[in-house]
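**Student:** Predicted coordinates and the sequence they were generated for:
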Amino acid sequence: MLKKVFGSAVFGVEATTITVEVNVDSGIGYHLVGLPDNAIKESNYRIAAALQNNGYKIPGKKITINMAPADLRKEGSAYDLTLAIGILAASKQIQAETLEKYLIMGELSLDGSLQPIKGALPIAVKAREEGFKGFILPAANAKEAAIVDGLEVYGVETIKQVINYFDKGEPLEQTIINTREEFYKNLEFPEFDFSDVKGQEGIKRCMEIAAAGGHNIILIGPPGAGKTMLAKRLPSILPPMTLHEALETTKIHSVVGRIKDSGLMAQRPFRSPHHTISDVALVGGGAFPQPGEISLSHNGVLFLDELPEFKRGVLEVLRQPLEDREVTISRAKFTVTYPSSFMLVASMNPSPGGYFNDTNAPVTSSPAEMQRYLSKISGPLLDRIDIHIEVTPVPFDKLSDDRKGETSVDIRKRVTKAREIQTDRFKESDVVHYNAQMNTKQIRKYCLLDEASKELLKTAMERLNLSARAYDRILKVSRTIADLEGVEGVNGSHISEAIQYRSLDREGWLG
């Protein structure tokens, strides 16, 4: 007898429905076809034990299972439940008249309990698109899948519940989540707050500008100056995620199985990979491509601490995603694209010893050593970072001051107001939402300069020997500074401040 059961495969951040055709006939043997990987080929052992421990069995007949489309490679253990229910239905051990109305996924333990799967959210989105009535999956993933409206989601603990649902009509408990209510309820601020930072008013100003325009930023300073402390607090002043951004971000984290029982993500991601990371782990890829750290940072912050310690090849792969805000991974048989619109925050010491060229420093380095250390970061990568700023140690009188600084809530209000101006400005564009994303045409349109400002920028370009890309960066940052002030035009003071934020372009900044 032939029975069809439906599962799903995830490629990139999108799902594809897989039809599992199970045919039980006279004879003997177990044949699984349709490009399954080793985890799926091993599933018959898990299925056999799970069925045996729940009063059922794999029939001693010829079982042929085809996973269609047969030319698409399937991977992972999430098809265990799909295959098991298909075998039971095809061998007439259970009645399953409504089987084709449901999409079924889950990894089986030997006792029949279900383990969580990856990619539940994109699978649920695809199930709704294709008109399935419901989605049966492990209880651990139920909240994540229930984000999708218009689809009945049933989280189950064991295979026995699924069998009784189809065979005996025993009801399953539907997981229902009010997505909007859940999202806005969880829009709370992170634990790190800018009020904890003593002094560093100039750096806080830089962080505010970076957050307001979505600009990439690099912090240069000696150990203990507060670079990491400041970077960790950046998400607390970014505007709250929109529902669309939250769904987009949750989908990426779902693919790598990082959502678990939390449902919709309401906080912007903050990723801080170690400097020993490989280029594949950072960008994504592998034999079966998975999102990397830059995609997991989508709509959030990617923090690279001690930037020169990262392998040069790893840093160079950042260049294209920083420009295009997406990563395309190509293989011989398929291509996947992951979104990667993130804010890059990097920190570094000015020298191998950690200090500026200062005779009073505990460890000194010569200008030549400092220059060699800085040259580990390529010019093209630095060009893609809008703001370069020096972070100096906080003096004792400010460090011991008990007064609290400005809170993240207050800074966030100004940032959000500036972002609203940009949203209105770029409302006709689908790809540009804030100043850092502007293309050349938009820069010329929205960053008009008077003659005095042009002269000021020309002088800076000539003296600092800036590239055309750095020129655009200065204009973008100037536009953001003007937005924070709520003024229409970019003037000389905005240009002057933006030029100050190109420390690594200045000759002799090493002292």
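**Tutor:** Ah, there it is. Numbers count the residues shown, from 1 in each chain.
**Student:** Please enumerate the helices of the stretch 101-250 of the chain.
**Tutor:** With helices called from DSSP state H, counting those that start in this stretch, the stretch 101-250 of the chain shows them at 120-129, 142-145, 159-167, 179-185, 201-213, 227-233, 243-255.
**Student:** Not counting its neighbours along the chain, what's nearest His284?
**Tutor:** Heads up, residue 284 is Gly, not His. Gly292 (3.4 Å; CB to CB, 6 or more residues apart in numbering). No exception for glycine: its C-beta is placed from N, CA and C like everyone else's.
**Student:** Let me see the contact set for that neighbour.
**Tutor:** Val280, Ala281, Leu282, Val283, Gly284, Gly285, Val327, Tyr338 (CB atoms under 8 Å, 6 or more residues apart in numbering).
**Student:** per-residue pLDDT, it?
**Tutor:** At Gly292, the pLDDT value in this model is 92.
**Student:** do Gly486 as well
**Tutor:** Here the pLDDT value assigned to Gly486 is 91.
**Student:** before we move on, the earlier item: filter the contacts of Gly292 down to the buried ones, ChimeraX style.
**Tutor:** Buried residues among those (16 or more other CB atoms under 10 Å), as a ChimeraX selection:
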select :280,281,282,283,284,285,327,338
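**Student:** hmm, back to that, right, so the helices of the stretch 101-250 of the chain: which one is the most enclosed?
**Tutor:** Greatest average neighbour count among those goes to helix 142-145 (a mean of 27), per mean count of other CB atoms under 10 Å.
**Student:** Please report how far Leu344 lies from Met67.
**Tutor:** Computed as CB to CB, to the nearest Å, the Leu344 to Met67 distance reads 40 Å.
**Student:** I meant Leu315, not that one.
**Tutor:** The spacing between Leu315 and Met67, counted by CB to CB, is 40 Å.
**Student:** Could you check which of these two is surrounded by more residues?
**Tutor:** Using other CB atoms under 10 Å as the criterion, Leu315 and Met67 rank with Met67 on top: 23 against 20.
**Student:** nearest spatial neighbour of that one, skipping sequence neighbours?
**Tutor:** Distance criterion CB to CB, 6+ apart; nearest residue to Met67, sequence neighbours excluded, is Gly34 at 3.1 Å.
**Student:** wait, the one you found sits on Tyr79?
**Tutor:** No: in this structure Gly34 lies outside contact range of Tyr79 using CB atoms under 8 Å: 10.2 Å.
**Student:** shared neighbours of those two, anything?
**Tutor:** The overlap between the contact sets of Gly34 and Tyr79 (CB under 8 Å, 6+ apart) consists of Met67.
**Student:** show me what contacts the residue nearest to Met67?
**Tutor:** The contact partners of Gly34, by CB under 8 Å, 6+ apart, come to Ile65, Asn66, Met67, Ala68, Pro69, Ala70, Leu72, Lys74.
**Student:** quick one: Ile387 and Asn216 touch, right?
**Tutor:** Yes: using CB under 8 Å, Ile387 is in contact with Asn216, at 7.2 Å.
**Student:** okay, and the common contacts of the two?
**Tutor:** Joint contacts of Ile387 and Asn216 (CB under 8 Å, 6+ apart) are Ala210.
**Student:** Rounded mean pLDDT for stretch 128-143, please.
**Tutor:** 94.
**Student:** which of the residues in that stretch are buried?
**Tutor:** Buried residues in stretch 128-143, counting neighbours by 16+ other CB under 10 Å, are found at Arg128, Phe132, Gly134, Phe135, Ile136, Leu137, Pro138, Ala139, Ala140, Asn141, Ala142, Lys143.
**Student:** For Val20, list each beta-bridge partner.
**Tutor:** Note on Val20: beta-bridge partners by DSSP bridges are Val5, Met67.
**Student:** Quick check: it touching Tyr79?
**Tutor:** Yes: look at Val20 against Tyr79 with CB under 8 Å: they come within range, at 7.1 Å.
**Student:** who's more crowded, these two?
**Tutor:** A direct count of neighbours by other CB under 10 Å for Val20 and Tyr79 places Tyr79 higher, at 31 against 23.
**Student:** I figured that one hits Ile40, correct?
**Tutor:** Yes: the pair Tyr79 and Ile40 passes the contact test of CB under 8 Å, sitting 5.6 Å apart.
**Student:** Relative to Ile176, how far out is the residue nearest to Gly284?
**Tutor:** 34 Å.
**Student:** go on, Ile104?
**Tutor:** Computed as CB to CB, the Ile104 to Ile176 distance reads 19 Å.
**Student:** repeat for Phe334
**Tutor:** The value you get for Phe334 to Ile176, if CB to CB is used, is 36 Å.
**Student:** residues in contact with Glu293?
**Tutor:** Residues in contact with Glu293 (CB under 8 Å, 6+ apart) are Arg271, Pro273, Ile277, Ala281, Leu282, Leu302.
**Student:** Out of the residues you listed, name the ones that lie in helices.
**Tutor:** Among those, DSSP state H puts Ala281, Leu282 in helices.
**Student:** and the residue nearest to the spatial centre of the chain, what is it in contact with?
**Tutor:** Geometric centre of the chain, nearest residue: Leu296, 2.3 Å, by CA atoms, centre = their mean. Contacts for Leu296 (CB under 8 Å, 6+ apart) come out as Ile252, His253, Val256, Arg258, Pro269, Arg271.
**Student:** Equivalent analysis for His494, please.
**Tutor:** With contacts defined as CB under 8 Å, 6+ apart, His494 is in contact with Ser478, Arg479, Ile481, Ala482, Glu485.
**Student:** Try it again at 10 Å.
**Tutor:** Residues near His494 by CB atoms under 10 Å, 6 or more residues apart in numbering: 447, 449, 453, 474-475, 477-485, 487.
**Student:** same question, Asn54
**Tutor:** By CB under 10 Å, 6+ apart, the contact set of Asn54 is Ala84, Asp111, Gly112, Thr158, Ile159, Lys160, Ile163.
**Student:** Now it: phi and psi?
**Tutor:** phi -120, psi 20 (degrees, to the nearest 10).
**Student:** confidence score at the residue nearest to Ser365 when sequence neighbours are not counted?
**Tutor:** What sits nearest to Ser365 in space, not counting adjacent residues and going by CB to CB, 6+ apart, is Ser351, at 3.8 Å. Listed pLDDT for Ser351 reads 77.
**Student:** Test my guess that Ser351 contacts Thr364.
**Tutor:** Yes: with contact defined as CB atoms under 10 Å, Ser351 counts as touching Thr364 (8.3 Å).
**Student:** tally of neighbours for Gln52?
**Tutor:** Neighbourhood size, Gln52 [other CB under 10 Å]: 13.
**Student:** what ranges of the stretch 251-400 of the chain fall below the confidence cut-off?
**Tutor:** Applying pLDDT under 70 to the stretch 251-400 of the chain flags the ranges 260-262, 356-361, 399.
**Student:** That one: helices as residue ranges?
**Tutor:** 279-283, 293-296, 312-316, 319-324, 367-374, 379-383, 396-399.
**Student:** now for those, which one comes closest to Pro171?
**Tutor:** Evaluated with CB to CB, the helices of the stretch 251-400 of the chain place helix 293-296 nearest to Pro171, the distance being 37.6 Å.
**Student:** Pop the domain breakdown of this protein in here.
**Tutor:** Using automatic domain parsing, the domains assigned to the chain come out as 2-177, 185-505.
**Student:** distance between the ends of the first one?
**Tutor:** In this case it means domain 2-177. Terminal residues of domain 2-177 are spaced 36 Å apart (CA to CA, to the nearest Å).
**Student:** distance between it and the chain's centre?
**Tutor:** 28 Å (CA atoms, centre = their mean, to the nearest Å).
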